[in-house]
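1. Build me a model from this:
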Amino acid sequence: RTNCMKRQVGAVLVRNRRVVSTGYNGTPSGVRNCAQGGCARCNGFAEAGIALEECLCLHAEENALLEAGRERSHGATLYTS
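-> Numbers count the residues shown, from 1 in each chain. Next up is the predicted model:
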């Protein structure tokens with residue numbers, strides 16, 4: 001489900017044995033996906049460690065926490081692939 005062309009990572013936030021939220025690497029909500037031209041770095045074919053300031057993609061962990069919010073994140077465990 002990730003839409004980042006550089007990294008394929010997912011994250012799951014779990015509390016009390018229940019999935020609270022999930023997140024994937026990719027562009028923020030409201031921004032075109034990488035494959036559609038949303039991230040200049042991904043579409044510019046930059047090598048690892050180069051042009052990081054151009055990357056719009058969020059980490060999978062960040063997306064999972066944003067999706068859950070503060071209340072549902074408290075006391076939860078975050079797993080990443």
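2. pLDDT at Gly69, what is it?
-> Gly69 carries a pLDDT value of 94.
3. Run a quick neighbour tally on it.
-> Using other CB atoms under 10 Å, the number of residues around Gly69 comes to 11. Glycine gets a C-beta too; all of them are placed from N, C-alpha and C.
4. quick one: the residue nearest to Leu58 when sequence neighbours are not counted and Val12, what's the gap?
-> Nearest residue to Leu58, sequence neighbours excluded (CB to CB, 6 or more residues apart in numbering): Pro28, at 5.7 Å. Per CB to CB, to the nearest Å, Pro28 is found 20 Å from Val12.
5. again with Arg70
-> Counting by CB to CB, the separation of Arg70 from Val12 is 18 Å.
6. who has more neighbours, the two?
-> Neighbours around Arg70 and Val12, counted as other CB under 10 Å, are more numerous at Val12. The numbers are 18 against 7.
7. So that one: helix, strand or coil?
-> Of the three states, Val12 takes strand according to DSSP: H, G, I helix; E, B strand; the rest coil.
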